[in-house]
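In: what follows is a predicted structure for the sequence shown.
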Amino acid sequence: MGALLIDQVTKSFGETQILKGIDIDIQDGEFIILVGPSGCGKSTLMNIIAGLEDATTGRLELAGRDVTDVSPKDRDIAMVFQSYALYPTMNVARNISFGLEMRKVPKEERDRVVQEVATLLQIDHLLDRKPSQLSGGQRQRVAMGRALARSPRVFLFDEPLSNLDAKLRVEMRTEIKKLHKRLGTTIVYVTHDQIEAMTLADRIAVMKDGIVQQLGTPDQIYNDPANMFVAGFMGSPPMNFIEVELENAQAVIESSSERHLLRLPQAESLALQGHSKVILGIRPEMITEPKPEDDPTYLHSIRMDFEVVEPMGADTMAIGHWNGTEVHARLSPKAGLHAGERTEIQVNTALAVIFDKNTGERIR
Amino acid sequence: MASKTQFSAGRALIYAFLLIMALLYLTPLYVMIATSFKDIEEIRSGNLLALPQDPTLYAWIKAWSSACTGSECEGLAPFFMNSVKIVVPAVLLSTIIGALNGYVLAKWRFRGSEVLFGMLLFGCFIPFQVVLLPMARLLAELGLANTVTGLVLVHVVYGLAFTTLFFRNFYVSVPTELVKAAQLDGAGFFAIFRHIFLPVSLPIFVVTIIWQFTQIWNDFLFGVVYSGPGTQPITVALNNLVNTSVGGKEYNVDMAAAVIAALPTLLVYIFAGKYFVRGLTAGAVKG
């Protein structure tokens, strides 16, 4: 059964349309991530799910029950806020149990739940402290504890990690993933961090301008993007976009004043559709030092001049040019790369994608 | 770089100036208090600035219990009680309503709430004189003319603009996400006010109460216009006392009466003044 159904939800403030018809069907126990640049409407959508804002049109269904006009407290939804929103005058225990207190749960039951949640999140030694006496990571845990205490049907996370420092963020990310594994609750999670999206999600909804650009598994989003926006949003460094001419359904590139033809997996449809100029999308990890692959069909050996070489430990990033456009390559540090040297590299176009030059939509 | 210990001419000048200004402000108070402890002979013959040679409580006792304020000669005591009866409910009501108003205007925006707030703000700048006649009419219609209740009503209504402004500006700095979190936790309008907002409100309550207490205690115009013979506040009685002369002018009684009338506001400021300054500068607690 579906846990949460978002059906044609729109939101307008006066003339400005923030959400332009969102459709997402979320399964029970699924971890869904809404990701997109700021202003894409993801936080508005989250507030609508929580009931803190009303949708202009459209419908929300929670476990088969229409909740479009149900007040937030009766929706069986809990939320973790970006700022944690802990009640400053209450200690940790009361912060966690406040929702139960408001729902008239008896004291003994509340104490039991607080103890249980605190043990789960390893904050049982902090129960008497005020939020101001906690570190960022501890506040984060308390905020999650407050959501957990009510064991709601759906959890909402609104950029919960963006106020933590880099190291703690990675730690908490793992923690959230473990927690989801363990509890199996449905989670809707908003972030603008593509790594969070890739690592946590069962499915990702990439949003831009109030529209879901693509809804799919991390693998689909990464390897089979619907358009240039999705392709460019995921991955760091991002996918290379190079404007190319087609010759016999092969992409023409010029690298180090040499002309190369790249064979493409979409050759047939490209030939049929009669495109002459398209955008070639190729991820940096597909441009590497020469190495053996099982299927040599889409391997090309070309030479490239790299202007910048950035060793990053596990990989070395290098920047050169094709057709006058900057191209990022991801090589092994063992390749012994030096800036300014002409280097023999291998281009694998097996996962290359082609976009329409005018619309940015994928050509399949 | 000037060193810490350097005592320049400029600094000396500043201190001298400050000292003179302080004396200028304190002299009248000193004269009042000194005179209130002198007897009438000493006032007539002696120096205005001299300390009382033979301090006496005669003037204080008379001002409190037997000085004439018009035809009555019962001192200030009954009027002091009138003022208390007006000030206490008026301060409490205007503060509580102001807190709720401020809470709504800060966190429960509704269509036209900004306009309403603008109009309330405008209410802070309406001079007393403008409301005198319409208010008199209203009190008459309500049957509250010349009553303590009527005066309480006037002060509550007039004070609301200020108290609402104070609380609204304070509550604006309480993060809105706290309200959202509490809503999801199942708290309603009043529960959120009680559990989230009230516990952080002590500084602004102190500020508002001091402000309202001072305003209402010191009010003369509303007091003189809307009170009857038995309901006059102390400021009006003080005026009557000073203007009623039976025989010679008793400056010592006048001075004692004036100090009695001013004492409560003075005490409030002395005891709660530091909270006043702290509350004015304090934002609400961050989550």
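Out: Here it is on my side, so go on.

In: any idea how far B:Arg11 is from A:His125?
Out: From B:Arg11 across to A:His125, the span is 54 Å (CB to CB, to the nearest Å). Every C-beta, even on glycine, is put in place using the N, C-alpha and C of the backbone.

In: cool, and B:Ser201?
Out: Taking CB to CB, one finds B:Ser201 at 31 Å from A:His125.

In: among these two, which residue is more densely surrounded?
Out: Remark: of B:Ser201 and A:His125, B:Ser201 carries more neighbours, 20 against 9, as counted by other CB atoms under 10 Å in any protein chain shown.

In: wait, what's in contact with that one?
Out: Taking CB atoms under 8 Å, 6 or more residues apart in numbering or on different chains as the contact definition, B:Ser201 lies against B:99, B:167, B:170.

In: and the residue lying closest to A:Arg259 once chain neighbours are set aside, bridged to which residues?
Out: Nearest residue to A:Arg259, sequence neighbours excluded (CB to CB, 6 or more residues apart in numbering or on different chains): A:Val252, at 6.7 Å. Beta bridges link A:Val252 to A:Glu245, A:Leu261 when assigned by DSSP bridges.

In: quick one: contacts for A:Val252?
Out: By CB under 8 Å, 6+ apart, the neighbours of A:Val252 are A:244-246, A:259-262.

In: just give me the closest of these to chain B.
Out: A:Val244 (47.8 Å; CB to the nearest CB).

In: how many residues are close by that closest one?
Out: 22.

In: ok, it touching A:Val278?
Out: Yes - assessed by CB atoms under 8 Å, A:Val244 is found in contact with A:Val278 at 6.3 Å.

In: which residues do these two both contact?
Out: A:Ala251.

In: how close does the residue nearest to A:Arg259 get to A:Val353?
Out: Distance of A:Val252 to A:Val353, computed by CB to CB: 17 Å.

In: same question, A:Leu164
Out: Taken as CB to CB, the span from A:Leu164 to A:Val353 is 34 Å.

In: these two: who's more crowded?
Out: Each of A:Leu164 and A:Val353 has its neighbours counted (other CB under 10 Å); A:Val353 has more, 25 against 18.

In: pull out the buried positions in the helix or strand of chain A with the lowest mean pLDDT.
Out: Every helix and strand in chain A was compared by mean pLDDT, DSSP states H and E; the lowest is helix A:267-273, with a mean of 79. Residues of helix A:267-273 classed as buried: A:Leu270 (neighbour count, 16 or more other CB atoms under 10 Å in any protein chain shown).

In: show me what that helix is packed up against.
Out: Here helix A:267-273 touches strand A:362-363, going by 3 or more CB pairs under 8 Å, 6 or more residues apart in numbering or on different chains; DSSP states H and E.

In: can you get me a residue count around the closest residue in space to A:Gln250 that isn't next to it in sequence?
Out: Among residues not flanking A:Gln250 along the chain, A:Leu261 sits closest, at 4.3 Å (CB to CB, 6+ apart). Around A:Leu261 there are 14 other residues, counting by other CB under 10 Å.

In: quick check, A:Leu261 in contact with A:Ala251.
Out: Yes - counting by CB under 8 Å, A:Leu261 does reach A:Ala251; the two are 7.1 Å apart.

In: against B:Tyr30, how distant is B:Ala16?
Out: Counting by CB to CB, the gap from B:Ala16 to B:Tyr30 is 20 Å.

In: per-residue pLDDT, the nearest residue to B:Cys68 once chain neighbours are set aside?
Out: Spatial nearest neighbour of B:Cys68, excluding adjacent residues (CB to CB, 6+ apart): B:Thr244 at 4.9 Å. Looking at B:Thr244, its pLDDT stands at 82.

In: now B:Ala284
Out: At B:Ala284, pLDDT is 46.

In: what's the domain layout of chain B?
Out: Following automatic domain parsing, one gets these domains for chain B: B:9-56, B:77-281.

In: in the stretch 251-364 of chain A, what residue is nearest chain B?
Out: Counting by CB to the nearest CB, the stretch 251-364 of chain A gets nearest chain B through A:Gly360, at 35.6 Å.

In: so that residue sits against A:Phe229, correct?
Out: Yes - here A:Gly360 reaches A:Phe229: they are 6.6 Å apart, a contact under CB under 8 Å.

In: neighbour count: the two, which is higher?
Out: A:Phe229 (21 against 16).

In: any idea how far A:Ile282 is from that one?
Out: From A:Phe229 to A:Ile282 the distance is 17 Å (CB to CB).

In: now do stretch A:156-174: distance from first to last residue.
Out: Counting by CA to CA, to the nearest Å, you get 17 Å between the two ends of stretch A:156-174.

In: which residues are contacting stretch A:204-211?
Out: A:11, A:17-22, A:24, A:32-37, A:40-42, A:45, A:197-198, A:212-218, A:221, A:229-230, A:233-234.

In: could you tell me which of those residues count as buried?
Out: Listed as buried from those are A:11, A:18-19, A:22, A:24, A:32-36, A:40-42, A:45, A:197-198, A:212-216, A:218, A:221, A:229-230, A:233-234; burial here means 16+ other CB under 10 Å.

In: let's see which of those end up in strands.
Out: Assigned to strands by DSSP state E, the following of the buried ones among the contacts of stretch A:204-211 qualify: A:11, A:18-19, A:22, A:24, A:32-35, A:212-216.

In: of the residues you listed, which is the nearest to chain B?
Out: A:Lys11 (16.4 Å).

In: bridged to the closest one, which residues?
Out: Here A:Lys11, judged by DSSP bridges, has bridge partners A:Leu19.

In: confirm that A:Arg173 lies within a strand, as I assumed.
Out: No - using DSSP: H, G, I helix; E, B strand; the rest coil, the assignment for A:Arg173 is helix, not a strand.

In: what pLDDT does the model give it?
Out: Per-residue pLDDT puts A:Arg173 at 92.

In: again, but for the one 3 residues further on
Out: Confidence per residue is given as pLDDT, and for A:Ile176 that number is 92.

In: verify the stated contact: it with A:Thr199.
Out: No - taking contacts as CB under 8 Å, A:Ile176 lies outside contact range of A:Thr199: 9.7 Å.

In: out of these two, which sits in the more crowded spot?
Out: A direct count of neighbours by other CB under 10 Å for A:Ile176 and A:Thr199 places A:Ile176 higher, at 23 against 15.

In: thought A:Leu62 was touching A:Thr186?
Out: No - A:Leu62 lies out of contact with A:Thr186 (CB under 8 Å); the separation is 9.6 Å.

In: mutual contacts of the two, please.
Out: With CB under 8 Å, 6+ apart, A:Leu62 and A:Thr186 have common neighbours A:3-4, A:153-154.
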